[in-house]
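Student: Provided below for reference: sequence and predicted model.
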Amino acid sequence: MKKLYRVKKNREFTRIMNQKRFVSCPSFSVYYAPRAEAISRIGISVGKKLGGAVVRNKVKRQVRMMVQHITGFDEKFDCIILVRMAYLKQAFAENEHDLAKSFTTIRLKSSALSIKETHETTVQ
């Protein structure tokens, strides 16, 4: 995943997380918000409870590869992926399936949200 597609700044993380729109599964919580730039960007957060620095970096590398397989970065939203403890208990393929299912749910919710916003502006 190129650095161009990453959310890096703390204020960008807080902007997305303060929208309070998220999807959860045992391995991940994925917060999303309408994108602020021309391309969609993704931030990954792995807490210290998950393990040492080596384990956390390995998990981040794996999640980046999952995201690269799942999305083409042309989505209508930016998102933050919070990795949970259950990630370590499942296989890579199961985690990738969970993340893909989360992204599918977000796509449906964000398209429904954009349709609702379009309908509200035309009614007024």
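Tutor: Sure, I can see it.
Student: correct me, but residue 34 touches residue 109?
Tutor: No - counting by Cβ atoms under 8 Å, residue 109 is not a contact partner of residue 34; they are 11.6 Å apart. For every residue, glycine as well, the C-beta is placed using N, CA and C.
Student: export stretch 80-89 to CSV, keeping only CA atoms.
Tutor: Extracted in CSV, the C-alpha atoms of stretch 80-89 (Å, rounded to 0.1, in the frame of the first residue of the first chain):
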residue,chain,number,x,y,z
ILE,A,80,-9.5,3.7,10.1
ILE,A,81,-8.9,0.0,10.9
LEU,A,82,-8.5,-0.8,14.5
VAL,A,83,-7.1,-4.3,15.0
ARG,A,84,-8.5,-6.3,18.0
MET,A,85,-7.0,-9.1,20.1
ALA,A,86,-9.0,-11.8,18.2
TYR,A,87,-6.9,-11.1,15.1
LEU,A,88,-4.1,-13.2,16.6
LYS,A,89,-6.4,-16.2,17.2
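Student: show me which residues of that stretch are buried.
Tutor: For stretch 80-89, the neighbour count (16 or more other Cβ atoms under 10 Å) marks 80, 81, 82, 83, 84, 87 as buried.
Student: which stretches of the protein form strands?
Tutor: Remark: strands assigned in the chain by DSSP state E are 22-24, 28-34, 42-46, 77-83.
Student: what would those strands look like in JSON lines with mean pLDDT?
Tutor: Listed next are those as JSON lines, based on pLDDT from 0 to 100:
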{"stretch": "strand 22-24", "mean pLDDT": "92"}
{"stretch": "strand 28-34", "mean pLDDT": "91"}
{"stretch": "strand 42-46", "mean pLDDT": "92"}
{"stretch": "strand 77-83", "mean pLDDT": "91"}
